[in-house]
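Asker: dropping a prediction and its sequence here:
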Amino acid sequence: MIFDGHVHQLPDIDPTETREWLDSLDAVVDTHGKTRARYLLSRLMQRANDSQVSFPATVSTPYVNTIPVEQEPWFPGDEHIERRIRAFVRWNAAMMVVKANKAADGIGGHLSTFASSAALYEIGFNHFFRGKDDGTPGDHVYFQGHAAPGIYARAFMEGRLTADDLDHFRREIGRGGRGLSSYPHPRLMPDFWEFPTVSMGLGPITSLYHARFNRYLHNRRIDDTSESRVWAFIGDGECDEPETLGAISLAAREHLDNLVFVVNCNLQRLDGPVRGNGKVIQELEAVFRGAGWNVIKVIWGSKWDPLLAQDKDGALLNKMNNTVDGEFQRYAVEDGEYIRDNFFGPDDRLRQMVSHLSDDDLRNLPRGGHDYRKLYAAYKAATENLGSGRPTVILCKTVKGWTLGEGFEGRNSTHQIKKMTKDQIVALRDRLYMHDEIPEDAIEAEDPPYFKPSEDSVEWQYMMERRKALDGFVPTRSTTARRPLELPDDATFQELRQGSGGQEVSTTMGFTRLLRNLTRDEKIGKRIVPIIPDEARTFGMDGLFKEIEIYAAQGQKYEPVDHDLLLSYSESESGQILEEGITEAGSMSSFIAAGSSYATRGVPMLPFYTFYSMFGFQRTGDLIWQAADIRARGFLMAATAGRTTLLGEGLQHQDGHSLVLASTVPAVQAYDPAFAYELAAIVQAGIARMYGDGSPRETDVFYYITLYNENYEMPAMPDEALSGDGTLAEQIVEGIYKYADGPILEGPDDSAKRATILFSGISHTAAREAQSELAEHYGVSAELWSVTSYKALREEGLGAERHNRLHPSADARVPLVARRLAESRGPITAVSDFMAMVPDQVRQFVTASAHGDGAHRTFTTLGTDGMGRSDTREALRRFFEIDTGHVVVAVLSGLLADGTVDAATVQDAIDRYDIDPDIADPWDSYID
């Protein structure tokens with residue numbers, strides 16, 4: 001109330017007493033100043049809290065350490081040995097980057113991020129990060145991407161990496177792919193890294209939802225996650241990414257006291273200060289405290305404690321509070337004399353306070369993020385916070401490029417510096433006190449050495465003993481299943497194979513029934529994780545609310561307004577559905593947590609994330625790429641798919657390009673099924689591929705499957721394929737199968753008028769109608785082929801082309817799509833509710849005849865290029881030229897190109913279907 005200015009609205013039952021208190025405050029301000037007044041108010045608030053007098057929490061505290069020196073715990077380690085280990089790690093990290101850029105100029109790497117955060121990691125490695133050796137998943141540590149060299153350097157000292165490995169930093173090609181990734185990439189280093197973090201902002205949000213998913217597993221009695229913490233290391237500049245801070249209120253709302261953010265506040269982003277004119281630590285404190293987090297600030301090192309103890313009148317505290325980050329960055333690069341004159345000098349009280357300190361003493365007054373005891377106190381407080389219900393953020397003030405020497409520390413350009421001169425290397429060696437380990441002649445060489453302590457050294461033994469006490473090395477990725485997943489019964493998919501029995505339904509409705517059946521399956525049911533942003537009713541999935549309930553960490557504390565309805569909104573602590581609210585980024589983060597649980601927890605889970613298809617790749621493409629990197633498994637269900645199916649919504653909702661974007665992510669298996677039985681075949685094969693059919697194919701994939709909201713009768717799955725090798729289910733998964741033969745037509749030139757129509761998804765309606773129209777009006781027998789995955793066909797075709805290019809003497813391979821269509825005749829017309837680029841993915845493989853006669857096949861694609869419009873489905877399909885009439889004209893145009901019909905026949909179809917040939921292109925943005 002006081003903070004929003006509305007205290008005057010409250011009744012004052014004793015104005016005289018109020019006046020006395022206000023007069024007393026005025027007297028303190030007049031006599032002792034504002035600093036003393038702030039102190040007294042802080043003490044009053046503390047006493048009010050102790051007396052359980054409710055009062056709004058402040059969102060910002062003075063610019064000092066949260067934990068006072070008298071409350072710091074005893075440090076249990078050997079600080080000297082740990083400092084030596086830290087020096088060795090620093091040296092190796094720097095040399096790895098320097099040597100990489102000597103071997104390949106411009107290869108890159110980062111020196112300064114880890115230099116500023118080495119102590120932040122080492123305190124965790126030596127005292128807090130739990131490994132996996134005891135058979136449990138341990139802690140989950142999201143390392144800051146740019147700090148990767150330091151993590152490699154420690155793994156080298158632990159014997160997990162060799163000097164040759166370090167020499168191949170950022171060179172992953174060759175050596176059997178055993179180079180070191182530039183950043184944390186589980187896709188490329190699947191036994192080492194667990195979490196991709198370098199696309200800034202994604203590490204924080206995915207770590208947050210990971211902590212939430214651990215609670216989900218625990219509350220649903222699937223896995224005991226009570227001993228695991230999630231640690232996320234973040235840069236202060238990274239906090240400008242919306243994903244970093246966008247979900248932090250959920251962490252407090254869900255009582256995620258198993259989550260710790262460690263923010264490396266070196267005050268610098270890539271190009272300059274994070275907040276040159278402000279104070280980023282204070283800003284972040286306010287944001288996190290306001291969101292309900294436990295905030296621990298580690299700003300000043302131990303050498304500041306005696307100075308703060310002398311600060312009886314608050315002059316030093318006032319200077320700390322009023323100095324902006326741009327000035328603090330300047331102090332990091334200037335000498336002691338400058339600091340004495342500009343920080344302490346303007347106030348005689350401060351100058352006198354440091355009169356006993358030399359300029360070097362002033363230059364070396366440390367920031368808290370480099371002080372081991374301060375960091376230990378903060379980390380210990382964070383781990384002891386379990387049970388409070390509040391997530392913790394530790395804000396650590398550091399210097400970017402710390403220990404790297406002049407030219408690096410605190411410089412605006414330090415993030416981009418990859419090389420060091422001989423003098424700079426010597427200065428680093430001297431700064432780290434490694435004269436005995438790195439002699440002068442070693443630095444004279446072109447190839448400065450790494451350093452690894454011998455196994456009988458006290459440093460190596462200490463380091464290994466600490467990791468043994470903490471259950472093994474970190475990071476380590478394992479896919480050993482502690483609780484294996486069983487494949488569902490075949491009967492679970494039978495309902496979709498039977499068709500809709502005359503009822504008109506959408507593929508979205510078909511999927512909802514399949515999802516219900518999967519959750520009921522005795523083998524896999526509890527491992528299904530339905531994820532929905534906030535559109536369950538749109539997708540017809542609200543029937544699941546009552547049956548499997550919505551996950552709520554504290555259960556349902558209210559009676560919903562629809563409590564008396566069969567499909568009431570039901571929440572439960574053990575609920576199965578993750579109903580995220582309107583956050584596609586949060587939903588994708590939950591998908592990543594669930595889809596990687598087989599590795600992070602050893603507990604395979606199967607997420608089905610259902611969403612507006614427009615808000616998939618377009619809105620969360622970066623997170624989808626991260627899901628591929630982390631080797632997530634699961635299903636992305638793109639509902640309301642297509643450019644013309646979602647009538648009335650307009651260009652922000654109508655998706656005609658997600659299947660194009662899906663082709664850019666190698667791990668994505670993209671499908672566009674037309675019928676429920678196709679959907680069943682794809683999902684069943686996908687589960688088997690990811691979790692257990694013994695296939696030699698890549699299993700760390702996930703599926704992108706379109707779902708449409710248009711109702712039509714679903715046919716039953718035919719008993720067998722009409723043609724080709726393999727069962728119908730196998731052909732569906734491969735990407736193409738013959739749906740219907742061309743009609744048998746009477747007449748002498750029947751054999752000459754044949755055509756092939758490819759359809760996918762909802763475009764089957766126009767294709768099937770066009771088949772009838774062509775037969776009735778033009779004597780054309782067109783066969784129909786369902787293409788469930790152009791992406792799969794393209795990738796298989798590229799593989800065949802590559803084989804032929806590199807094996808000129810071997811028998812040529814024929815791409816699958818060409819083999820399947822070899823028996824078809826006539827021009828090929830492909831129609832899609834997505835951009836023409838989707839079917840164009842197979843053009844190069846089918847335009848040349850597969851019969852070996854060198855004949856060319858005409859290939860025409862019809863797609864929905866351009867921005868969507870708000871209108872009816874019929875109007876939209878006419879506008880984008882994918883309706884029945886345009887399919888007929890396209891087929892006849894192909895026959896004209898082949899010399900089978902004349903131009904008058906094509907013109908007749910244009911007239912018959914009332915097509916305006918002179919209308920502007922649908923993809924022209926300036927169409928009236």
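Answerer: That came in fine, so what should we check first?
Asker: what's the spacing between residue 830 and residue 839?
Answerer: From residue 830 across to residue 839, the span is 4 Å (C-beta to C-beta, to the nearest Å). (Glycine included, C-beta is placed from N, CA and C.)
Asker: what sits in contact with each of the two?
Answerer: Counting by C-beta atoms under 8 Å, 6 or more residues apart in numbering, the residues touching both residue 830 and residue 839 are 758, 787, 861.
Asker: list the residues that contact the second one.
Answerer: It stands for residue 787. Residue 787 makes contacts with 672, 735, 736, 758, 759, 760, 793, 830, 839, 842, as judged by C-beta under 8 Å, 6+ apart.
Asker: and it, how far from residue 522?
Answerer: Counting by C-beta to C-beta, the gap between residue 787 and residue 522 amounts to 35 Å.
Asker: in terms of secondary structure, what does the longest helix anywhere in the chain contact?
Answerer: Identified as the longest helix of the chain according to DSSP state H is helix 79-103. With contacts defined as 3 or more C-beta pairs under 8 Å, 6 or more residues apart in numbering; DSSP states H and E, helix 79-103 has these neighbours: helix 112-127, helix 148-157, helix 163-167, helix 372-383, helix 422-431, helix 458-469.
Asker: name the SS class of residue 496, please.
Answerer: helix (DSSP: H, G, I helix; E, B strand; the rest coil).
Asker: what is the burial count for the residue nearest to it when sequence neighbours are not counted?
Answerer: Among residues not flanking residue 496 along the chain, residue 680 sits closest, at 3.8 Å (C-beta to C-beta, 6 or more residues apart in numbering). When neighbours are defined as other C-beta atoms under 10 Å, residue 680 has 26 of them.
Asker: contact partners for residue 680?
Answerer: Contact analysis of residue 680 by C-beta under 8 Å, 6+ apart lists 493, 496, 497, 510, 514, 717.
Asker: save the contacts of residue 787 as JSON lines, and put in pLDDT, distance to residue 562 and neighbour count too.
Answerer: Below are these laid out as JSON lines (pLDDT from 0 to 100; distance: C-beta to C-beta, whole Å; neighbours: other C-beta atoms under 10 Å):
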{"residue": "672", "pLDDT": "98", "distance to residue 562": "35", "neighbour count": "34"}
{"residue": "735", "pLDDT": "97", "distance to residue 562": "43", "neighbour count": "27"}
{"residue": "736", "pLDDT": "97", "distance to residue 562": "45", "neighbour count": "24"}
{"residue": "758", "pLDDT": "98", "distance to residue 562": "45", "neighbour count": "27"}
{"residue": "759", "pLDDT": "98", "distance to residue 562": "40", "neighbour count": "29"}
{"residue": "760", "pLDDT": "98", "distance to residue 562": "38", "neighbour count": "29"}
{"residue": "793", "pLDDT": "98", "distance to residue 562": "46", "neighbour count": "24"}
{"residue": "830", "pLDDT": "98", "distance to residue 562": "46", "neighbour count": "29"}
{"residue": "839", "pLDDT": "97", "distance to residue 562": "44", "neighbour count": "28"}
{"residue": "842", "pLDDT": "96", "distance to residue 562": "48", "neighbour count": "28"}
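Asker: which of those fall in helices?
Answerer: Those of these lying in helices (DSSP H): residue 793.
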